[in-house]
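Peer 1: Provide a 3D model corresponding to the input given below.
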Amino acid sequence: MTWATENLHAMRNFEIVPNFPSDRQFRTSVTFCHIHFRTQNKSPSCLQLQLYLLTLAMQAEIQPEQASQITDFTTQSARAEKTDAILPMRQPYMDQIVSGIKDHEFRRYRISHTVKRVWFYVTAPESRISHICEISEAKTREEGDEPLPETGRGNKEFNERHPDWEGSGFAYEVKGVWELRKKLTLKELKGEYGFKAAPRGLVYVTPEMLRDVKLEEQIKIR
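Peer 2: From the prediction side, this is the model:
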């Protein structure tokens, strides 16, 4: 078992092992300390991942099995963080979000604060995930809350508790929109990612989807 692999097992148990073998001299030891202190306020899984990747970078050569361990560890971290969720969306509302006519999405429930991006599954007849949107944390209209800026469709009605918006007590600002270069159809969701049926409510994006669909490779709309 290599020294890097030993550190991987320790970090998987949420133990941070920053000390290096005495018979090795690393020029990057100062960088290690810098990253160590900068990440004190990050989640344990995020800190684990950064420390482990840095450990592997210090090795003279990364073996194939170690590269596989990086993928596995990244997948576990993504699953733990739950930063991406899937929500069903009907037309014409998806088109309104893409065009900017609608700059907030309204829901009846509070989405976890860990969710930073929503993958919108557009319902039949499209039946596919076509866009990823960066969202804010939930905004409400409780006493003392700031009203939504009346810049998008539905914002004024939300603020004024219009009957059509009465059941939608949470608003999420759409901060960015990306179009998928290759849309994810329902057939692909079932065949490649283990979905049993079309998403009917909030479900979390699988680690395999995060691995295959990289946000930076998609088309930035706004």
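
Peer 1: and the nearest residue to R200 once chain neighbours are set aside, how many neighbours?
Peer 2: Once its chain neighbours are removed from consideration, R200 has its nearest residue in P88; the separation is 6.2 Å (Cβ to Cβ, 6 or more residues apart in numbering). From N, CA and C alone the C-beta is placed, and that goes for glycine too. By the other Cβ atoms under 10 Å criterion, the neighbourhood of P88 contains 14 residues.

Peer 1: phi first, then psi, for P88.
Peer 2: The phi and psi values for P88, taken as degrees, to the nearest 10, are phi -70, psi 150.

Peer 1: bridging residues for it?
Peer 2: Listed by DSSP bridges, the beta-bridge partners for P88 are Y121.

Peer 1: hmm, G201 and it touching each other?
Peer 2: Yes - counting by Cβ atoms under 8 Å, P88 sits close enough to G201 to count as a contact (7.2 Å).

Peer 1: so who does the residue nearest to R200 touch?
Peer 2: Residues in contact with P88, defined by Cβ atoms under 8 Å, 6 or more residues apart in numbering, are F120, Y121, V122, T123, A198, P199, R200, G201.

Peer 1: reformat those residues as CSV; add pLDDT, neighbour count and distance to G154.
Peer 2: Rendered in CSV, the data for the contacts of P88 read as follows (pLDDT from 0 to 100; neighbours: other Cβ atoms under 10 Å; distance: Cβ to Cβ, whole Å):
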residue, pLDDT, neighbour count, distance to G154
F120, 98, 23, 16
Y121, 98, 24, 20
V122, 98, 19, 18
T123, 98, 17, 19
A198, 97, 15, 24
P199, 97, 19, 22
R200, 95, 9, 22
G201, 95, 9, 20
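
Peer 1: tell me the first helix or strand C-terminal of the host helix or strand of F158.
Peer 2: In the assignment (DSSP states H and E), F158 maps to helix 155-159. Moving toward the C-terminus from helix 155-159, the first helix or strand encountered (DSSP H and E) is strand 170-185.

Peer 1: restricting to C-alpha, output that following strand in CSV.
Peer 2: Coordinates of the C-alpha atoms in strand 170-185 are reproduced here as CSV (Å, rounded to 0.1, in the frame of the first residue of the first chain):
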residue,chain,number,x,y,z
PHE,A,170,-40.7,30.4,-1.9
ALA,A,171,-39.0,32.2,-4.7
TYR,A,172,-35.6,31.4,-6.2
GLU,A,173,-33.7,33.9,-8.2
VAL,A,174,-32.3,32.5,-11.5
LYS,A,175,-28.7,33.8,-11.5
GLY,A,176,-27.4,32.0,-14.5
VAL,A,177,-28.7,29.8,-17.3
TRP,A,178,-26.8,27.1,-19.3
GLU,A,179,-28.1,25.1,-22.3
LEU,A,180,-27.0,21.5,-22.5
ARG,A,181,-25.1,20.8,-25.7
LYS,A,182,-26.6,17.3,-25.6
LYS,A,183,-30.0,17.1,-24.0
LEU,A,184,-30.7,14.3,-21.6
THR,A,185,-33.8,12.5,-22.7
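
Peer 1: lowest average confidence, helix or strand, in this protein?
Peer 2: Ranking every helix and strand in the chain by mean pLDDT, DSSP states H and E puts helix 29-38 at the bottom, with a mean of 37.

Peer 1: residues touching P147, list them.
Peer 2: Neighbouring residues of P147 by Cβ under 8 Å, 6+ apart: R141, N159.

Peer 1: give me that answer again for 6 Å
Peer 2: N159 (Cβ atoms under 6 Å, 6 or more residues apart in numbering).
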